[in-house]
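A.B. asks: A predicted structure for the sequence below; I have some questions about it.
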Amino acid sequence: MPDPDERGGVPLQGESETSKRPALAELSDAWLVGRARELIAAVQHTNHEEQLEIVRTIDELLDETQRRGEPILIAQLLRAAALARLVTRGYAAESEPLLDEMLAHTRRHGLSLYRADAHALRGRRLVLAAQEDAALTEIARALAILDDSDRPDMQIPRREWAKTQASAFIDCWLVLNQLGVYEAAEEVIARAHQAIRETAGPHEITLQLMNRIKMLLGWALRLERVDRHRDAVLKFETAASMAVAVEAPFAESLFPRRIGVAAVDQVGVLAAALAFAEPDPTHSDRLQRLLIEPGYPHEQVLVAIALSRCLYVGGRRDEALQALQKTRLHLDEDNSQPSMRLNLMRELARLDSEESQETKQLNSFIEYATSLELELWSLRESQIATLNTRREHERLSAQHGAISQQALQDPLTGLPNRRALDEHLRTLSASTTAQPLAVALIDLDGFKGVNDEHSHAEGDDVLRVVASTLRDALRGDDIVARYGGDEFVALLPGAPVSAAKQALGRAVNAVSSLPHHLSHGVTLSVGLVSLRPQERADQVLSRADAAMYQAKRGGGDQVATANAIPGEAAAGWAEADPAPSLEELP
């Protein structure tokens, strides 16, 4: 492992430069994202103690982003926190709640690329837990989302969108490569390259080349196991040419590195690629040194097999066996790449068989092993078919869900429509946990003038802005729906009238405080009631409508409540006050 001052990355938290750094709250969003990327690049190539420090540092960054509340920023740091745990020995299980949170967060905010990435990372977690079939399902879900994400999301700048799409593809590729489903893995990594071909920097180029090299080496070893040696040689040669090409971008990448030292002398899989293409004793010293460097177990397998072949060519069979056996011991607790473990076992068996005297028994064993390998090869084809079937199923299910969603969504504002409101109101009125249920009918003051004096297009813009402001002003589990025209309805489950009035008062203030070019001066009149036992939807909305008109008669820009209880002779107006100022709110 390179010394800390030679690795070319930024110092980790706890090193000398951190004392000079401002508090996290003073740093920009871009700095937080850049720092997280540097740490993720480092965590995959450091020792265990440094990995734990990186996990703690990323958690601090995540806490800061959650305080800021910016959805994309939170998604990026949730990914970083989960990924750091997935690559840190003994911490993979801790990624599960973070991935659950990432999936919920990305669904809530419509961040499809990050949602696909969350499924891909969950697939990676399932491979580590030896749940390969479930991992394949998660990758099918991720790819189904990515199949329908060809156009950039308007929430994300185009360059960032391309990088995010490529990152999600790479996380899918990692799982497919771990499972040995190389044909599907090749398609996915090609799409990752396509996503960033115009925007890739040195680090992305280095990452792409290294990933392709690892895939080609694993694929070649797999081909050898079914006696397709000519195909294997071609893949070894391609990997070696890529190992040479990676030198230039590696020198400018974020990977921890020793400045001025060739990449092939620092990265085990690059040295292995050259050795597989032309096994020779001259590679041995370098491979022996790189074999003891910290790294992924499946990468160490590639280095160990390449080393054993070079030692064997040099007549050092016993040392070749020893290198393989040591690596096998280190794999005992690792499930990250089942196919790579089989490659190692085959290499051990091949060397052992060279000196065996029990020829007849050996021939029977080889025939049996060859039959098993052919069976595994056919199972691989079944895996590809399963992946494609599940991928198509997920894609069609998503399309069906989108059509169903459209039927319950107002196309102008994106809020639930009246049909969805009726379903929500029916569900909440039957739920004991939602009681008391506050119901508010909200009308825009001055909206007709916007349409008359400007245009209906301007009016539509105002409705969108008001809808977004209302949604942001209320709690996450409150429901805001477009009732029709310039009217909205809010449902606040579990909210007494007093608490609901405070919340809606904040919404009224938020709209009246909007810049004039966005709101054109419209304000809100809100009628607020509480659902009565056995009350029908039309009855509670009628009472809320009457309360709203009370607010209108009071001049608008306020919340009015009507809370008569059953048995009263007439509805009593509790109050119709202007919305409290922000200073008055608790």
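C.D. replies: Great, that's in hand.
A.B. asks: so how far is the helix or strand harbouring Q502 off the chain centroid?
C.D. replies: Per DSSP states H and E: Q502 is located in helix 497-512. Relative to the centre of its chain, helix 497-512 is centred 35 Å away, using C-alpha atoms, centre = their mean, to the nearest Å.
A.B. asks: Which strands and helices lie in contact with it?
C.D. replies: With contacts defined as 3 or more C-beta pairs under 8 Å, 6 or more residues apart in numbering; DSSP states H and E, the packing partners of helix 497-512 are strand 437-445, helix 456-473, strand 487-493, strand 523-530, strand 558-562. Backbone N, C-alpha and C define where each C-beta goes, glycine included.
A.B. asks: Which strands or helices does the third one pack on?
C.D. replies: In this case it means strand 487-493. With contacts taken as 3+ C-beta pairs under 8 Å, 6+ apart, strand 487-493 sits against helix 418-429, strand 437-445, helix 456-473, strand 479-484, helix 497-512.
A.B. asks: that older thread, tell me which residues of the helix holding Q502 come out buried.
C.D. replies: Buried residues in helix 497-512, counted by 16 or more other C-beta atoms under 10 Å: 497, 500-512.
A.B. asks: got the angle for that helix vs helix 456-473?
C.D. replies: 140 degrees (axes from the mean of the first three to the mean of the last three C-alpha atoms, to 10 degrees).
A.B. asks: before we move on, the earlier item: export the buried residues of helix 497-512 to JSON lines and append columns for distance to V181 and pLDDT.
C.D. replies: Formatted as JSON lines, those follow (distance: C-beta to C-beta, whole Å; pLDDT from 0 to 100):
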{"residue": "V497", "distance to V181": "58", "pLDDT": "91"}
{"residue": "A500", "distance to V181": "53", "pLDDT": "93"}
{"residue": "K501", "distance to V181": "58", "pLDDT": "93"}
{"residue": "Q502", "distance to V181": "55", "pLDDT": "92"}
{"residue": "A503", "distance to V181": "51", "pLDDT": "92"}
{"residue": "L504", "distance to V181": "54", "pLDDT": "95"}
{"residue": "G505", "distance to V181": "57", "pLDDT": "94"}
{"residue": "R506", "distance to V181": "52", "pLDDT": "92"}
{"residue": "A507", "distance to V181": "51", "pLDDT": "93"}
{"residue": "V508", "distance to V181": "56", "pLDDT": "95"}
{"residue": "N509", "distance to V181": "56", "pLDDT": "93"}
{"residue": "A510", "distance to V181": "51", "pLDDT": "92"}
{"residue": "V511", "distance to V181": "53", "pLDDT": "93"}
{"residue": "S512", "distance to V181": "57", "pLDDT": "92"}
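A.B. asks: so which of those would you say is closest to D265?
C.D. replies: For the buried residues of helix 497-512, the minimum distance to D265 (C-beta to C-beta) is 59.6 Å, reached by A510.
A.B. asks: Touching, the closest one and L474? I think so.
C.D. replies: No - here A510 does not reach L474: they are 10.0 Å apart, not a contact under C-beta atoms under 8 Å.
A.B. asks: Can you name every helix or strand that the next helix or strand after the helix holding Q502 contacts?
C.D. replies: Counting by DSSP H and E, the next helix or strand C-terminal to helix 497-512 is helix 516-519. Helix 516-519 sits against helix 456-473, with contacts defined as 3+ C-beta pairs under 8 Å, 6+ apart.
A.B. asks: quick one: contacts of the helix it packs on?
C.D. replies: Identification of contacts with helix 456-473 by C-beta atoms under 8 Å, 6 or more residues apart in numbering yields 412-415, 442, 444, 447, 450-451, 480, 482, 486, 488, 490, 503, 506-507, 510-511, 514, 518-520, 522, 524.
A.B. asks: Which ChimeraX command selects the buried ones in those residues?
C.D. replies: Only the buried entries of the contacts of helix 456-473 go into this ChimeraX selection, using 16+ other C-beta under 10 Å:
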select :413,415,442,444,447,450,451,480,482,486,488,490,503,506,507,510,511,514,519,520,522,524
